[in-house]
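1. only the shape, not the letters, is given here:
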């Protein structure tokens, strides 16, 4: 697992990197003394796991998590055991290590992180766009066909070999392509506005020159797709 | 009085002398800076910031095996957050002990 370390204390960063070096499956890519530097890094790079200090000046570990759209797995590292309950409100947090961290306790946390990694992979691999039936789209999740209400989908985003189907209630990661899902979605409701994005035009909140706002997502609109988008709107 | 030790550092190093020295060097560099920041904030009556400094210092207190010292730091951090100064003298005495110890390394 590729990981990064975020801690304002140099001593802690060195210790965590040393603990990682004793685990063959871990590869520390970078460490950061504050959350802002880490956010910039994560905008350009993908990681599997973050070791995150909670108690940092200006921008706490929890503030940092709130900025992440799709957070990777996170192991909190802290000198304060009082945040444990708050920590487990976040699905992405797999464990909570109180400093000073021993190798034995660290290893246990890594086992948990790896178990979660394997579960996610299994789930994602099992998901396929299966079929549509009226207003529903079915995806296969762990051999179960899960129904998604098509009008509730507001965005489909391509991400490598996967697509993210975002609905009012839940997001689904599916091993498929935009092309395949577009074929399953009704033309009158959905429009491809960019090579990586299909939007539900009924869910648009506003449009700027080269982007649309849908829920809280700002989606780029390519120049070639803009005329079709404008045609679809009931312009005054 | 409780004295610092290198049990945790030795366990973590696992016989890697180069890592051990690297860690000690970082502690020797970082500890005086954090201590200075604590006194600056305390003297300026920025007790919330002083509590943050104590929070960071308590990690080093625990790394150096000062278990009772760690408890004092926890209590002092909490009291500073309420602008109270219980445990101040005890805490600052621990800082002195660590300063002397680090000079021997």
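-> That came through fine. The structure displayed is predicted, hence computed values, not measured ones.
2. per-domain residue ranges of chain A.
-> Chain A breaks down into these domains under automatic domain parsing: A:2-124, A:127-232.
3. can you give me the helices in chain A?
-> Counting by DSSP state H, chain A has helices at residues A:10-21, A:35-44, A:61-67, A:84-87, A:103-126, A:178-184, A:226-232.
4. what's the local residue count around residue 13?
-> Since no chain was named, I'll use chain A. A count of nearby residues for residue A:13, using other Cβ atoms under 10 Å in any protein chain shown, gives 21. (Each C-beta comes from the backbone N, C-alpha and C, glycine too.)
5. switch to chain B, please.
-> Number of residues near residue B:13 (other Cβ under 10 Å) recorded here: 18.
6. swap in residue A:35?
-> Residues within reach of residue A:35, counting by other Cβ under 10 Å, total 22.
7. against chain B, how distant is it?
-> Separation of residue A:35 from chain B (Cβ to the nearest Cβ, to the nearest Å): 15 Å.
8. what sits against that residue?
-> Counting by Cβ atoms under 8 Å, 6 or more residues apart in numbering or on different chains, residue A:35 makes contact with A:6, A:56, A:59, A:60, A:61, A:63, A:64, A:67.
9. sorry, back to before: most tightly packed of the helices of chain A?
-> By mean neighbour count, with neighbours taken as mean count of other Cβ atoms under 10 Å in any protein chain shown, helix A:10-21 ranks first of the helices of chain A at a mean of 21.
10. which residue is nearest the middle of chain A?
-> Nearest to the mean C-alpha position of chain A, by Cα atoms, centre = their mean, lies residue A:70 at 1.5 Å.
11. nearest residue to that residue in space, please, no chain neighbours.
-> Nearest residue to residue A:70, sequence neighbours excluded (Cβ to Cβ, 6 or more residues apart in numbering or on different chains): residue A:164, at 7.9 Å.
12. that neighbour pairs with what?
-> Beta-bridge pairing of residue A:164 under DSSP bridges involves residue A:157, residue A:173.
13. ok, it touching residue A:176?
-> No: counting by Cβ atoms under 8 Å, residue A:164 does not reach residue A:176; the two are 10.5 Å apart.
14. in contact with residue 29, which residues are there?
-> This is for chain A. A:2, A:3, A:4, A:45, A:47.
15. oops, wrong one, chain B.
-> Here residue B:29 is in contact with residue A:10 (Cβ under 8 Å, 6+ apart).
16. show me which residues of the helix or strand containing it are buried.
-> Here residue B:29, judged by DSSP states H and E, is contained in helix B:17-43. Residues of helix B:17-43 classed as buried: B:19-20, B:23-24, B:26-27, B:30-31, B:34-35, B:37-38, B:41-42 (neighbour count, 16 or more other Cβ atoms under 10 Å in any protein chain shown).
17. so which bits of chain B are right by chain A?
-> B:8, B:11-14, B:19, B:22-23, B:26-27, B:29-30, B:52, B:55-56, B:58-60, B:62-63 (Cβ under 8 Å from any Cβ of the partner chain).
18. my guess is residue A:193 contacts residue A:211. True?
-> No: Residue A:193 is beyond contact range of residue A:211, at 9.0 Å (criterion: Cβ under 8 Å).
19. shared neighbours, the two?
-> A:219, A:220, A:221.
20. just the buried members of these?
-> Judged by 16+ other Cβ under 10 Å, buried ones among the shared contacts of residue A:193 and residue A:211: A:219, A:221.
21. from the shared contacts of residue A:193 and residue A:211, which ones fall inside strands?
-> Under the assignment DSSP state E, those contribute A:219, A:220 to strands.
22. could you dump the shared contacts of residue A:193 and residue A:211 into CSV and include pLDDT and distance to residue B:89?
-> Formatted as CSV, those follow (pLDDT from 0 to 100; distance: Cβ to Cβ, whole Å):
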residue, pLDDT, distance to residue B:89
A:219, 90, 60
A:220, 89, 60
A:221, 88, 65
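23. show me where pLDDT drops low in chain A?
-> A:84-85, A:118-134, A:141-144 (pLDDT under 70).
24. what parts of it come near chain B?
-> Close to chain B, as judged by Cβ under 8 Å from any Cβ, chain A has residues A:8-12, A:14-15, A:18-19, A:22, A:55, A:57, A:79-80, A:99-100, A:102-103.
25. now with 6 Å?
-> For chain A, the residues in contact with chain B (Cβ under 6 Å from any Cβ of the partner chain) are A:9, A:10, A:11, A:14, A:18, A:55, A:79, A:99, A:100.
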